[in-house]
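**Q** Build me a model from this:
(chains A and B)
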Amino acid sequence: MTSIKSTAAEMAAALSEGSVTSVELTKAHFDHIDEVDPAVHAFLYLDKEGALAQAAEVDAKRQKGEALAPLAGVPLALKDVMVQKGIPTTCGSKMLEGWRPPYDSTVVTKLKNAGVVILGKTNMDEFAMGSSTENSAYGPTHNPWDLTRIPGGSGGGSAAALAAFEAPLAIGTDTGGSIRQPAAVTGTVGVKPTYGGVSRYGLIAFSSSLDQAGPCARTVLDAALLHEVIAGHDEKDSTSINAPVPQVVKAAKRLDVKGMKIGVVKELQGDGFQAGVLSRFHEALDLLVDAGAELVEVSCPTFDYALAAYYLIAPSECSSNLARFDSMRYGIRVGDNGERSAEEVMKLTRHEGFGPEVKRRIILGTYALSSGYYDAYYGSAQKVRTLLMRDFNAAFAKADVLVSPTAPTTAFKIGEQVNDPLAMYLNDIATIPVNMAGIGGMSLPCGLAPEDGLPVGFQIMSAAMKDDLMYQVGGALEAALVSKWGGSILDKAPVLAAN
Amino acid sequence: MALNYEEAVAKYEPTLGLEVHVELNTKSKMFCSCSTEFGGAPNTQTCPVCLGLPGALPVVNGKAIESTILIGLALNCSIAPFSRFARKNYFYPDMPKNFQTSQYDEPICVNGYLDVEIETDEGPKQFRVEIERVHMEEDTGKSLHVGGATGRIHGADYSLLDYNRAGIPLVEIVTKIVGGTGKYAPQVARAYVTELRDILRSLGVSDVKMEQGSMRCDVNLSLAPIGSGQLGTRSETKNVNSLRSVERAVIGEVVRQSNRLEAGERIVQETRHFLEESGQTRPGRSKEQAEDYRYFPEPDLVPVVPDSAWIEELRATLPERPSARRARLKAEWAVPDKEMTSLVNAGLLDVVEETIVLGAEPTRARSWWLGEISRLANEREVDPTTLINATQVAEVIALIQSGELTDKLARQVVEGVIAGEGSPREVITQRGLKVVSDDGALMTAIEAAIAAQPDTAERVRGGNIPAAGALIGAVMKATGGQADAAKVRELLLKHLGQEG
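**A** Presented below is the predicted three-dimensional model:
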């Protein structure tokens, strides 16, 4: 019997054998959302009508015996950074309040074609800038493990929706860790594919050279199933890779790591990492060794500069990407009283429409790109990027995948770091190098930290277009952990409401 | 006393720099598949990409790259094996993304030249204009500022925005500084822009219509005292929109700047606007607080890495340089200067050449296109080549050459073809325009004419050939103008014992 706590794969099987309809499954999720989301606030918008219509369409096709994609009829939560035709898309910003995009992103088109039912749009840090979802203009999302804590960010809404059983699948985007860090602090699975693996067309850009959409789920296999739906070359995105999608579903099902070399990154486990995070990380390494993998220590000395370089490149690109929000064509318009000039209205709109973190990064990026500073800041940061790639290449020469804790700590309290941008930025210390090098990264839960009982994330990194390797290791590790725990980690999460 | 142009160039050495923007004539825009057709209803040729909607991404138009490489090759440039797009950041309502996707420090074509010829006091002289770079970028939308005195955004009541033009592919061709022209700076500038326009037209990459803005020229000019070996501060005169204006803008700036210098004032580095009526310029925005465009490589696009074999294929397709072709055709066809100029200005060189290649005699081909067909086209206010094609004209001329049509009948045939009555042969059949060439029928008419004018016939028999005109005229009249006059003449003279 399937329930909202089932995995996406189980739901798909139940749909396929006819023990449940997509309409029933979709309604069950909306009922649960109505019950728990006032406390969690994972969603910014629910498209009940559209989702149920989509579900009914899948059911009708199934009844007629039409061939359907593996995830047809399974519900999904979409991060509000991804445009969907006719559905309010805010990017967590007041700037885009009321805007309904006239087109579908490529990811949405692929989801629709696969019959995946889109329940609604999830909360996020404004324009994907943040690590706690507190920067949303529409209020924070609460971590289902402890409602006084953050669900990570920027994709806190998508991760919280999974952990609270509001959806079995979600789409996230990851510029410096926005899929993986929320997965880590909510006990869910999140994958940032190789840069160019999933089309960015219709993903509202934060930092174009770093942004990457990816799958979020409660199991590695579910993430793989969703990965194969959304990945692939797109002629509308010049940076998308024109090569076959790695066979991640097959890899996730292998459950075998015998003889694989696991590179443990020396620089990502020292100062600043919570003791319980490190202990659970090392226990997970032991499980991999038990399963026949070999551990190798690798050193990536340039990682020490990754965060600083990231905070030059990402703000620089964002200062240009966010210039289009000027009130002339869409979104809010402030102060247009018929007297003020276009320039004054642009200024007032940008002043009111953007939150403090977005303004901070626009100013930082504008400065870094200024004439006379470009070489010292943007230019140097790009050189660091090249050095990071060399570190990764050297490391991947020694190991099939690299591993580290995903985030240095478990979920912190809402409000705890909101006035300390530097502390907030450090949450992404282990995830940022992956974006800077354009490779793949996955976070999966590896236990609860003994000191606070909150989820700890285990990060697996794989070389560009070798995404299957991280799924292979992730699938095997997850199997070992579940067998050790006797069930899913989310079984240990507090029950938010009777179901 | 204010200096005039001659006095100014006697004292100061002008240095030129020319930036020409050309709209490519690709079917779709630079980074999306929207149509580039001119004159659509406002904002109908737009999509998420060229409107800069959140999430939309650019994809480079391959045809635009091909056209730009062709331009670079025609201007003797090196084609960069690796070039990139960059973002030029500034806010303006008609620029959807508030950055223009352009090329900055890594343009696609660099280091070329164009030799132009001008008339000097010592006869024709060649100048080499060196090309710094040729790069690709996208056009902005169009603003219409309504109300206010100036038609500019400041002081306007409101502004209307049309994004149909946003994203149209533009190529910018920038010269290095052009020095050593002395007083011929205006002629060199004009000759360069003219030659460039002709080359672009021959490549078929742009409409190059300066009046319509598909080719726009910015003129940079500075002055330095002759012999100083220095470069003065330059002004940049924007949007000079005809060949004549290019020349006038240079003259205007030489005079203005020299008089400022004479008065002990300094030249302000600024953008100026050319005033068509007076030939002078007025100041635009000052570049002294230069805007910082914060260029950086466009992360949404991959570098342009053209295959060298492809570049060589394109090089092989380059047409003959227009000035060389004109010189060759002028010699081959033995055309007088003035008529050659008329052919070029009327844009008829190609079609005349095509007509001649199809077998028409050069003088006839030229005179038909420049004469009768142009006249009919002018009446209808259309381009001559839209009325009739080279094949049809060549056929008409062939019929004249073979004696089947007279010039007079041929005009009727051309009219018929233009009226859509079919091919020249079909028009002849339908209208019954065939020349009377049956010797028997003609001889009857000739004998009748001789009988009617026995004295005239006698004078011709006596060797007075010109007297035959009256008899030929009578025969032509009798046959309703459908006889070939040359044939009548031949038969008549033979009949009267005066072999041709």
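**Q** When you work out contacts or count neighbours from here on, use the C-alpha atoms and nothing else.
**A** Noted.
**Q** Quick check, B:Asp115 in contact with B:Ile131.
**A** No - using Cα atoms under 8 Å, B:Asp115 is not in contact with B:Ile131; the gap is 10.5 Å.
**Q** ok, these two, which is more surrounded?
**A** Relative neighbour count places B:Ile131 above the other of B:Asp115 and B:Ile131, with 25 against 14, counting by other Cα atoms under 10 Å in any protein chain shown.
**Q** Can I get the helix or strand harbouring B:Leu161 in PDB, CA atoms only?
**A** B:Leu161 is part of strand B:158-162, with elements assigned from DSSP states H and E. As requested, the backbone C-alpha atoms of strand B:158-162 are provided in PDB (Å, rounded to 0.1, in the frame of the first residue of the first chain):
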ATOM      1  CA  TYR B 158       6.400  59.700 -21.700                       C
ATOM      2  CA  SER B 159       8.400  57.200 -23.700                       C
ATOM      3  CA  LEU B 160       7.300  54.400 -26.000                       C
ATOM      4  CA  LEU B 161       9.500  51.300 -26.400                       C
ATOM      5  CA  ASP B 162       9.600  49.000 -29.300                       C
END
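**Q** Residues contacting it, please?
**A** Contact with strand B:158-162 is made by B:42-43, B:93-94, B:141-147, B:153, as judged by Cα atoms under 8 Å, 6 or more residues apart in numbering or on different chains.
**Q** Paired strands for it, with orientation please.
**A** Strand B:158-162 pairs in its sheet with strand B:142-146 (antiparallel), by DSSP bridges.
**Q** Show me which positions of the longest strand along chain B end up buried.
**A** Using DSSP state E, we find that the single longest strand of chain B is strand B:123-138. Neighbour-count burial for strand B:123-138 flags B:127, B:129-138 (criterion: 16 or more other Cα atoms under 10 Å in any protein chain shown).
**Q** Confirm B:Gln219 sits in a helix?
**A** Careful, residue B:219 is Val and not Gln. No - note on B:Val219: no helix contains this position according to DSSP: H, G, I helix; E, B strand; the rest coil, which reports strand.
**Q** what residues are up against it?
**A** Residues in contact with B:Val219 (Cα under 8 Å, 6+ apart) are B:16-19, B:236-238, B:240, B:246, B:249-250.
**Q** interface residues of chain A facing chain B?
**A** By the rule Cα under 8 Å from any Cα of the partner chain, the part of chain A lying against chain B is A:82-83, A:102-103, A:105, A:200-205, A:208-209, A:235-239, A:320-321, A:323-324, A:328, A:341-342, A:366, A:369-371.
**Q** Only the buried subset of the contacts of strand B:158-162, as a PyMOL command please.
**A** Selecting only the buried members of those in PyMOL, with burial defined as 16+ other Cα under 10 Å, works like this:
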select buried, chain B and resi 93+94+141+142+143+145+146+153
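**Q** Format the contacts of strand B:158-162 as TSV; extra columns: pLDDT and distance to A:Pro140.
**A** Supplementary listing: the contacts of strand B:158-162 in TSV, determined by pLDDT from 0 to 100; distance: Cα to Cα, whole Å:
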residue	pLDDT	distance to A:Pro140
B:Pro42	96	42
B:Asn43	96	39
B:Pro93	89	34
B:Asp94	91	36
B:Gly141	94	39
B:Lys142	92	41
B:Ser143	89	41
B:Leu144	88	43
B:His145	86	43
B:Val146	85	45
B:Gly147	81	47
B:Ile153	73	41
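**Q** And the contacts of strand B:158-162, which two are furthest apart?
**A** Using Cα to Cα, those reach their maximum pairwise distance at B:Asn43 and B:Gly147, which is 21.5 Å.
**Q** one step back: sort out for me which of the contacts of B:Val219 are in helices.
**A** Among the contacts of B:Val219, the subset assigned to helices under DSSP state H consists of B:246, B:249-250.
**Q** B:Glu291 versus whichever residue of the stretch 1-150 of chain A sits closest to chain B, what's the distance?
**A** Nearest residue of the stretch 1-150 of chain A to chain B, counting by Cα to the nearest Cα: A:Val83, 7.0 Å away. In this structure, A:Val83 and B:Glu291 are separated by 33 Å, where distance is defined by Cα to Cα, to the nearest Å.
**Q** same question, B:Leu73
**A** Using Cα to Cα, B:Leu73 is found at 33 Å from B:Glu291.
**Q** Likewise for A:Met470?
**A** For A:Met470 relative to B:Glu291 (Cα to Cα), the value is 47 Å.
**Q** Who has more neighbours out of the two?
**A** Here A:Met470 and B:Glu291 are set side by side on neighbour count (other Cα under 10 Å), and the busier one is A:Met470, at 29 against 11.
**Q** Now do the same contact list for that one.
**A** For A:Met470, the contacting residues are A:401, A:440-442, A:460-462, by Cα under 8 Å, 6+ apart.
**Q** tell me the secondary structure for it?
**A** Three states are possible here, and by three-state DSSP the one that applies to A:Met470 is helix.
**Q** And the one 4 residues further on, by the same measure?
**A** Recorded secondary structure, A:Gly474: helix (three-state DSSP).
**Q** What about the spatially closest residue to it that is not a sequence neighbour, how many residues nearby?
**A** Residue nearest to A:Gly474 in three dimensions, not counting chain neighbours: A:Val220, with 6.5 Å by Cα to Cα, 6 or more residues apart in numbering or on different chains. Per other Cα under 10 Å, the neighbour tally for A:Val220 reads 31.
**Q** CA atoms only: put stretch A:50-66 into CSV for me.
**A** Included here for stretch A:50-66 are C-alpha records, laid out as CSV according to Å, rounded to 0.1, in the frame of the first residue of the first chain:
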residue,chain,number,x,y,z
GLY,A,50,-3.2,22.5,-12.7
ALA,A,51,-1.7,19.6,-10.8
LEU,A,52,-5.0,17.7,-10.6
ALA,A,53,-5.7,18.2,-14.2
GLN,A,54,-2.2,16.9,-15.1
ALA,A,55,-2.8,13.9,-12.8
ALA,A,56,-6.1,13.2,-14.4
GLU,A,57,-4.5,13.3,-17.8
VAL,A,58,-1.9,10.8,-16.8
ASP,A,59,-4.6,8.5,-15.3
ALA,A,60,-6.6,8.7,-18.5
LYS,A,61,-3.5,7.8,-20.6
ARG,A,62,-2.7,4.9,-18.3
GLN,A,63,-6.2,3.7,-18.6
LYS,A,64,-6.0,3.7,-22.4
GLY,A,65,-2.9,1.7,-22.1
GLU,A,66,-0.6,4.4,-23.5
